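Engineer: Kindly generate the corresponding structure for this input.
(chains A and B)
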Amino acid sequence: MVTLVTSSVVRGSHQGESHGGVYLLDLESQSVRQTLDWNTADIDWAGRGADRGLRGIAFDGDVVYVAASDELFAYTPDFDLLGSWRNTYLKHCHEIAIYERTLYLTSTGYDSVLGFCLDERRFTWALHIDVQNFKFRRATYDPSGDDGPLLLNKLHINNVFCNRDGMYISGLKTGGMLHYNADTVLMSVELPPGTHNARPFRDGVLFNDTVAGRLRYTGRGEGTEDRAMAMPLYNPRDLLNTDFDDSGTARQGFARGLCVLSESVVAAGSSPSTISVYDLAGNQTLLSVNLTMDIRNAIHGLEVWPYA
Amino acid sequence: MKSETKDASLAIAIDALRCGRPLRAEESCRDYLVMNPGCIDHLRLLGKALLKQNRLPEAETQLRFALSLNAGIPQLHEDLGSALALQKKFEEAIPFLEKAIQLEPRLPLAHKKLGQALFAVGRGAEADEQFEEYFDKDPESGAVALGMDHFKAGRKDEAIAAFRGVLRSNPDNVDAMRQLAIVYWRGDKNLSDAEALLRRAAEKAADFVSIRLVLGAVLIDANKHTDAIESYEVAAKLEPDNPAAWSGLGNAYAQASYPEKSISAFAKSLELQSDSPATQMGYAHVLKTVGDQPGAVKAYRAAIAGKPNFGEAYWSLANLKVFEFEESEVSAMEKQLTQSGLTDSEEVHFRFSLGKTYEDRKDYERAWHYYDTGNKKQRPLVSHDPLEMELRHAEILKTFDPAFIREHSGNGCDAADPILIVGLPRSGSTLVEQILASHSQVEGTSELPALSKIAASMGRYRPDDMQFPRAVHELRGKDWRAYGMQYLEAAQRHRQSDRPFFTDKLPNNFPLVGLLHLILPNAKVINARRHPLDSCMGGYKQLFARGQNFTYDLADLSHYYRNYDAVMKHWHEVLPGKVLDVHYEETVSDLESQVRRILDHCGLPFEESCVRFHETKRAVKTASSEQVRQPIYSGALGKWRKYQGHLDMWIEDLDDIIADLPDVVRNAGV
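Structural biologist: As a prediction, this is how the structure comes out:
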């Protein structure tokens, strides 16, 4: 049976408290084990989310890479720390992805994707994306140089996915999923504002429509295969820490975190930290496992654990 | 008066100054100085607060008094030097700035100010020395100041480079973010980068009021009215006595169609500062929208009192349509036209205002003179390409042919809520809207940009630059429905009731009837028509706040009318029964019959209130707002005849269209 690995962010947590972690979820027993508790104090605590928590997860052989806001960590499968790396242009990293021998990291602050060479273990490449009048412009730059972009956070690029067709990039304000083919950046498909985790899937796109609290699949056809799977919602009386934030950011059903289990079955995360598994062909939720009822605690990264 | 300790009072004043709230700083200092009139620290901060408010003579007085008490404080000399230099008393300023540097050579800004003063009096070499000193002392502030100087001098690219340079070395420099945002906004019209910078700056300095004010203005320009409201609300909360925060909020509320909230915010701003012509103007506009004509007139006149060359305020009075200027106001306008230094835009406003004035006085030759010269002055200020417009219309008609409509029918969204009123401006569309909005089942919204935005969105992000209408060939069945839903969602943001139907009265939607039909097949369309010469003359006499650029030239107008007529004929042909033509002249001559026709077309039962449309209270933003608040009148029928001697070209150009009109329309005003 499948085991999933997920990371979390605890919004509004205070210095000295845990502000995230990594968990392993055994889908068969629906048991959860926390493998990492993230309570480092050396972060910027300003704002609700800010630098808190752990984000994207990726694997290279026996190395588990986990991204924090401005640092990349490498662990053994037993979560012994192997090393960590920072970069000037890595600010508020969200999702990460490995393709061939490069680990790509999103950098929301710099509207960039950074490339980390897995062999040299250093940042070697960076791509900045800008949009003016609905036209995207791209520029590669040296992540160790000083002529990179400004810290604007204009597109809030939070997801990167790579396959042999190129790189797919999306964010809260990109307008949709972008495709980069080493030459140009073009809109691949327009998506609702606030989208997370957009990636190609079958002949369409799979993504978390975070504002609507739905995992969606949209294909190229006339819609018979399109799906909108609702995130689980709980009785508000059962939620914890609901009064810490009046901005409405920390709410239940906040859809984020996504991984594919098969051509039909996918898993998605939501808040308060919950993992749900959906059968798209059958248009049904197969199971939901709740990690905590603390509304501040939100799923971030979600992957199939390859070491089970 | 609050009894703060000295330190607490100073802390409040310093914090207020740091956050760009000089009024608050002044208040705190004055409170303390009442009991402690000789406190040098408070006098200095009071001087600074007054300087920040540009109240220079008051600042000078306070600072001179402080120096008389203690001449050994370098900052006092510097601030007094600033107060004098800002009043262009450069010779007087120089010794104070020199003394400041003598007492404290590390004062970085003093070097800059001295450099500027020396430069102003022609001592260039000495000025350069001071500038170099300044940049050596505080390179980051120096670079920001240099960027500001570049921008003021029109060197936009150099300014951008300077601010970007600062942000590369210190991404959190709030001043550089704010200044770069201003350059992007005002210099480049690059609203998205300006917004991103200001949002970051606001995150870093949450209580810096001036960032919120600039952000609010940028958001209004970007049509993000709800976000603008939020930004101004934060500013007003941080500094409740700041008139700019309240007037910005009033403006944002007005743009977002919350007239009552807008009125409250403008009133609050004027309570704090009554002599702001721009605020009076905004206040007047929104009073006009809700039908408070006396209040609007008073506020427009207050705006003029504060700024006698405020042509836009005069035009706004004229544009009430039911207002008559007093003789002194007419003389004032004519005098303004003889003044040098009037901008083209101001001159245009005065010419249109005088055109309206003389038309009301039935002096049609003088009226024509002012309208015609106003239009000739306005035409080069706006962009309109008749050929491009004609080609676009032709492409729409070619695309939405019977086969295409047949092929894609049945895919749209079933909702029957929208009733679109199209036509040309000044052709009776507001009257039709008011009639419908007086029905218990219909909500009158306003001129919604939703449909044109959908059309425009089809071309965005495309590498091949394919636009609407060609892009519709690529739509799948589900896309038509999705666009229908998108239109309804956008319209919903402008709705305030749960009535089952609503009007969308944007005249320029007339080329989009085919698109509307395929995305919302059950939507109704009414074409508000008027005698072509009255329609064109109505446009020629109108100075629009924005858009309708085809109305400022006689040839453009008749050309546009022919295009409009051809487009509407096409819709009648390919979508029989979809569009109801409502002639203004027929509505005036037989109101009840036309009301019944309109309601029948919309599938609505007859209601007497629609005939008494002028009794309906609702916000109306268009030029006809005051006209639809009075019973139907026939005074505007055949008005073109008053200018017939000037309209030969139109009469010839539109001959065949006029010949096809019903008699009651063709002969109106005879």
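Engineer: Mind giving me the packing neighbours of the helix or strand harbouring residue B:558?
Structural biologist: Per DSSP states H and E, residue B:558 falls inside helix B:554-574. Here helix B:554-574 touches helix B:386-399, helix B:513-519, helix B:532-540, strand B:579-583, helix B:648-653, helix B:655-659, going by 3 or more CB pairs under 8 Å, 6 or more residues apart in numbering or on different chains; DSSP states H and E. Where you see a C-beta, it was placed from the backbone N, CA and C, and this is true even at glycine.
Engineer: got the buried residues for that helix?
Structural biologist: By neighbour count with 16 or more other CB atoms under 10 Å in any protein chain shown, helix B:554-574 contains the buried residues B:554, B:556-565, B:567-568, B:570-571, B:574.
Engineer: hmm, back to that, figure out which of the helices and strands packed on helix B:554-574 is closest to chain A.
Structural biologist: helix B:513-519 (15.4 Å; CB to the nearest CB).
Engineer: List of residues touching that closest one?
Structural biologist: B:396, B:399-400, B:405, B:408-409, B:411-413, B:418, B:420, B:422, B:451, B:454-455, B:468-469, B:472, B:480-481, B:483-484, B:487, B:509, B:523, B:525, B:571, B:574-575, B:578-579 (CB atoms under 8 Å, 6 or more residues apart in numbering or on different chains).
Engineer: May I see the PyMOL selection of the buried members of those?
Structural biologist: This is the PyMOL syntax for the buried subset of those, where burial follows 16+ other CB under 10 Å:
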select buried, chain B and resi 396+399+400+408+411+412+413+418+420+422+451+454+455+468+469+472+480+481+483+484+487+509+523+525+571+574+575+578+579
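Engineer: Please flag which of the contacts of helix B:513-519 sit within helices.
Structural biologist: Judged by DSSP state H, helices contain the following of those: B:396, B:399, B:405, B:408, B:451, B:454-455, B:480-481, B:483-484, B:487, B:571, B:574.
Engineer: So for the spatially most central residue of chain A, what's the pLDDT?
Structural biologist: For chain A, residue A:95 is the residue whose C-alpha lies nearest the centre (CA atoms, centre = their mean; 3.8 Å). pLDDT, residue A:95: 96.
Engineer: ok, the nearest residue to it once chain neighbours are set aside - contacts?
Structural biologist: Nearest residue to residue A:95, sequence neighbours excluded (CB to CB, 6 or more residues apart in numbering or on different chains): residue A:56, at 4.1 Å. Each residue near residue A:56 by CB under 8 Å, 6+ apart is listed here: A:7, A:65-67, A:93-97, A:105-106, A:300-301.
Engineer: ok now do the residue of the stretch 1-150 of chain A found nearest chain B, which residues does it touch?
Structural biologist: Closest approach between the stretch 1-150 of chain A and chain B, counting by CB to the nearest CB: residue A:134, at 3.6 Å. Contact partners of residue A:134, counting by CB under 8 Å, 6+ apart, are A:175, B:460-461.
Engineer: buried ones in stretch A:141-151?
Structural biologist: So stretch A:141-151, judged by 16+ other CB under 10 Å, has buried residues A:141, A:143, A:148-151.
Engineer: Report the secondary structure state of the residue of the stretch 201-308 of chain A found nearest chain B.
Structural biologist: Nearest residue of the stretch 201-308 of chain A to chain B, counting by CB to the nearest CB: residue A:223, 4.4 Å away. Secondary structure assignment for residue A:223 (DSSP: H, G, I helix; E, B strand; the rest coil): coil.
Engineer: Excluding residues flanking it in the chain, which one is nearest it?
Structural biologist: Per CB to CB, 6+ apart, closest to residue A:223 is residue B:478, 4.4 Å.
Engineer: tell me which strands and helices the strand or helix carrying the one you found is in contact with?
Structural biologist: Assigned by DSSP H and E, residue B:478 falls within helix B:477-492. With contacts defined as 3+ CB pairs under 8 Å, 6+ apart, the packing partners of helix B:477-492 are strand B:418-423, helix B:450-457, helix B:513-519.
Engineer: Would you mind identifying the next helix or strand past the shortest one?
Structural biologist: This means strand B:418-423. Following strand B:418-423 in sequence, per DSSP H and E, is helix B:429-437.
Engineer: Quick one: mean pLDDT for that following helix?
Structural biologist: 92.
Engineer: now that helix, how far from the centre of its chain.
Structural biologist: Centroid separation between helix B:429-437 and its chain, computed with CA atoms, centre = their mean, to the nearest Å, is 24 Å.
Engineer: Quick one: name whatever helix or strand follows it.
Structural biologist: Following helix B:429-437 toward the C-terminus (DSSP H and E): strand B:442-444.
Engineer: Please work out the average pLDDT along stretch B:611-628.
Structural biologist: So the average pLDDT for stretch B:611-628 ends up being 71.
Engineer: And the strands in the stretch 151-300 of chain A?
Structural biologist: A:157-163, A:166-171, A:176-180, A:185-190, A:195-201, A:204-209, A:214-218, A:227-230, A:258-260, A:265-270, A:274-279, A:284-290, A:297-304 (DSSP state E, counting those that start in this stretch).
Engineer: Kindly reformat those strands as a markdown table containing mean neighbour count.
Structural biologist: Converted to a markdown table, the strands of the stretch 151-300 of chain A look like this (neighbours: other CB atoms under 10 Å in any protein chain shown):
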| stretch | mean neighbour count |
| --- | --- |
| strand A:157-163 | 23 |
| strand A:166-171 | 24 |
| strand A:176-180 | 21 |
| strand A:185-190 | 19 |
| strand A:195-201 | 23 |
| strand A:204-209 | 23 |
| strand A:214-218 | 21 |
| strand A:227-230 | 17 |
| strand A:258-260 | 21 |
| strand A:265-270 | 24 |
| strand A:274-279 | 22 |
| strand A:284-290 | 15 |
| strand A:297-304 | 24 |
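Engineer: In a markdown table: those, plus mean pLDDT and distance to chain B.
Structural biologist: Shown next, in a markdown table, are the strands of the stretch 151-300 of chain A (pLDDT from 0 to 100; distance: least, CB to the nearest CB, whole Å):
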| stretch | mean pLDDT | distance to chain B |
| --- | --- | --- |
| strand A:157-163 | 97 | 13 |
| strand A:166-171 | 97 | 13 |
| strand A:176-180 | 97 | 8 |
| strand A:185-190 | 95 | 4 |
| strand A:195-201 | 96 | 15 |
| strand A:204-209 | 96 | 12 |
| strand A:214-218 | 96 | 9 |
| strand A:227-230 | 95 | 13 |
| strand A:258-260 | 97 | 23 |
| strand A:265-270 | 96 | 22 |
| strand A:274-279 | 97 | 21 |
| strand A:284-290 | 96 | 22 |
| strand A:297-304 | 94 | 20 |
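Engineer: Distance to residue B:657 for those strands - can I get that in TSV?
Structural biologist: Formatted as TSV, the strands of the stretch 151-300 of chain A follow (distance: least, CB to CB, whole Å):
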stretch	distance to residue B:657
strand A:157-163	54
strand A:166-171	52
strand A:176-180	45
strand A:185-190	41
strand A:195-201	50
strand A:204-209	50
strand A:214-218	47
strand A:227-230	50
strand A:258-260	59
strand A:265-270	60
strand A:274-279	60
strand A:284-290	62
strand A:297-304	63
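Engineer: Could you check the pLDDT of the residue nearest to residue A:223?
Structural biologist: 92.
Engineer: about what we covered before: would you list the phi and psi of the residue nearest to the centre of chain A?
Structural biologist: The phi/psi pair for residue A:95 (degrees, to the nearest 10) reads phi -90, psi 160.
Engineer: Just put the helices and strands packed on helix B:554-574 in a markdown table and tack on mean pLDDT.
Structural biologist: Formatted as a markdown table, these follow (pLDDT from 0 to 100):
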| stretch | mean pLDDT |
| --- | --- |
| helix B:386-399 | 96 |
| helix B:513-519 | 98 |
| helix B:532-540 | 95 |
| strand B:579-583 | 96 |
| helix B:648-653 | 95 |
| helix B:655-659 | 94 |
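Engineer: Would you format the ones you listed as a markdown table with distance to residue A:206 included?
Structural biologist: Formatted as a markdown table, the helices and strands packed on helix B:554-574 follow (distance: least, CB to CB, whole Å):
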| stretch | distance to residue A:206 |
| --- | --- |
| helix B:386-399 | 33 |
| helix B:513-519 | 27 |
| helix B:532-540 | 51 |
| strand B:579-583 | 42 |
| helix B:648-653 | 57 |
| helix B:655-659 | 55 |
